[in-house]
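Student: Provided below for reference: sequence and predicted model.
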Amino acid sequence: MNILIANDDGVFAPGIQALAKALKPLGRVVIVAPESERSGFSSALTLDRPLRPVQIAEDVWAVNGTPADCVYLSMNGLFDFEFDLVVSGINSGANLGDDVLYSGTVGAAFEGRLMKQPAIAVSLAGHNVRAYQHPQDYMQAAQWVHDFIAQGLPSLPARHIFNVNIPDVPVLQGTKITYQGQRTQSKPITSQVDPRGRQVYWIGLSGEAVAAPKKGLTEIESDFFAVANGYVSVTPIQMDATNYDVLQSLHSQFSQIG
C-alpha cells in the first residue's frame with residue numbers, strides 16, 4: 001500500500017514524523033508537506049505563483065505551498081505511481097466542531113476525497129500539545145492511527161473523509177463514532193498599535209463548545225463530548241454542504257414566486 005502523508009504544521013513537525021514511523025509497517029509511506037507551518041489554510045490552493053517541491057530525504061518532500069497543494073501535487077503528477085490512502089496530521093491541537101472550516105489538516109485530507117479508501121485527518125487534542133517538541137509525544141496517537149488502518153477502514157460514501165481527534169490522555173478510554181459539534185462565536189479580536197504607529201489586529205480564540213444534541217441521534221455524542229471524556233472521536237464529514245432538509249422547501253417557495 002502506498003500512503004501519502006501531509007499536514008499543516010510543516011514537514012519537520014514532530015506529529016508527522018511520528019505518524020510516518022507508525023505507518024511504515026503498512027507499506028510505502030511518502031511525506032509531502034509544507035516547508036513551514038500553514039495552519040488555518042483550509043483547502044486553499046496556490047494559484048498566483050509556481051510551487052517548488054524539494055526532496056529533503058528519501059520519500060520526504062517539502063513544498064512552498066499549502067497543505068492542500070501538497071496533496072494535489074502528489075496525486076496529479078509529482079510521482080510516477082498512485083497512492084492508496086491519504087492521511088493528514090498528526091495536527092498539534094484539536095480540530096473539533098466548526099474548526100473543520102479553517103483547518104489545513106482537514107483541507108489536505110479533503111484533497112484525497114476521491115480515492116478508493118477514505119482519507120483521514122488526524123489531530124491530537126489537548127491543552128499542552130503546542131509544547132510537544134518530540135515525535136514520541138505523538139506516538140500513542142500515531143499507534144492508534146496505525147491500528148485503525150490495519151484493521152481495515154470502514155467504508156464511506158464518495159467524497160467523505162474521517163476527521164479523527166485523539167485526546168491527550170495517559171490512557172485512551174476507547175473510540176466513539178461522533179457527529180460534528182458546534183462552537184459559540186469566536187472571541188473578540190485584539191487590537192494593538194505596532195512600533196510604527198499602525199493599527200494591527202490579532203484574530204481571537206475559538207468559541208466554546210456548545211451542547212447541541214442532534215435530532216434522531218439519541219445514542220451518538222458530539223466530537224467535543226468524546227474527546228472531553230478521553231475517547232478518540234471519529235467523525236465522517238463530507239464535501240457536499242447542501243442542506244437537503246430544506247432544499248425541497250426552498251425549491252417550492254421559489255417556484256411559487258416565479
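Tutor: That came through, no problem.
Student: from here on, contacts and neighbour counts on C-alpha atoms
Tutor: Fine.
Student: show me which helix runs longest in the protein.
Tutor: Using DSSP state H, we find that the single longest helix of the chain is helix 244-257.
Student: only alpha carbons, please: show that one as PDB.
Tutor: These are the backbone C-alpha positions of helix 244-257, laid out as PDB (Å, rounded to 0.1, in the frame of the first residue of the first chain):
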ATOM      1  CA  TYR A 244     -31.100  18.600   1.900                       C
ATOM      2  CA  ASP A 245     -33.600  19.000   4.800                       C
ATOM      3  CA  VAL A 246     -34.500  22.500   3.500                       C
ATOM      4  CA  LEU A 247     -33.700  22.100  -0.200                       C
ATOM      5  CA  GLN A 248     -37.200  20.900  -1.300                       C
ATOM      6  CA  SER A 249     -38.900  23.500   0.800                       C
ATOM      7  CA  LEU A 250     -36.900  26.300  -0.700                       C
ATOM      8  CA  HIS A 251     -37.400  25.000  -4.200                       C
ATOM      9  CA  SER A 252     -41.200  25.000  -3.700                       C
ATOM     10  CA  GLN A 253     -41.100  28.600  -2.300                       C
ATOM     11  CA  PHE A 254     -39.100  29.900  -5.200                       C
ATOM     12  CA  SER A 255     -41.300  28.000  -7.700                       C
ATOM     13  CA  GLN A 256     -44.300  29.800  -6.400                       C
ATOM     14  CA  ILE A 257     -42.600  33.200  -6.600                       C
END
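Student: okay, buried residues for it please.
Tutor: Taking 16 or more other Cα atoms under 10 Å as the basis for neighbour counts, none of the residues of helix 244-257 comes out buried.
Student: please report the distance of the spatially closest residue to R183 that is not a sequence neighbour from V227.
Tutor: Distances taken as Cα to Cα, 6 or more residues apart in numbering put A209 closest to R183, at 4.4 Å, once the chain neighbours are dropped. A209 sits at a distance of 12 Å from V227 (criterion: Cα to Cα, to the nearest Å).
Student: which ones are touching L23?
Tutor: Contacts of L23 were listed using Cα atoms under 8 Å, 6 or more residues apart in numbering, and they are V29, A142, V145, H146.
Student: mind telling me what element V32 is part of?
Tutor: In this structure, V32 is located in strand 28-34 according to DSSP states H and E.
Student: what element comes up after that strand heading to the C-terminus?
Tutor: strand 54-57.
Student: that next one pairs with which strands, parallel or anti?
Tutor: Sheet pairing for strand 54-57, assigned by DSSP bridges, gives strand 60-63 (antiparallel).
Student: following the strand it pairs with, which helix or strand comes up?
Tutor: Beyond strand 60-63 in the direction of the C-terminus, DSSP H and E gives the next helix or strand as helix 67-75.
Student: average pLDDT for that next one, rounded please.
Tutor: Mean per-residue pLDDT for helix 67-75: 98.
Student: okay, now the unreliable bits of the stretch 151-258 of the chain?
Tutor: Counting by pLDDT under 70, the stretch 151-258 of the chain contains low-confidence ranges at 211, 258.
Student: quick one: contacts for the closest residue to R38 other than its chain neighbours?
Tutor: Spatially, and ignoring its direct neighbours in sequence, R38 is nearest to D8 (4.9 Å; Cα to Cα, 6+ apart). In this structure, D8 makes contact with A33, P34, E37, R38, S39, T66, P67, G89, N91, G104, T105, A108, judged by Cα under 8 Å, 6+ apart.
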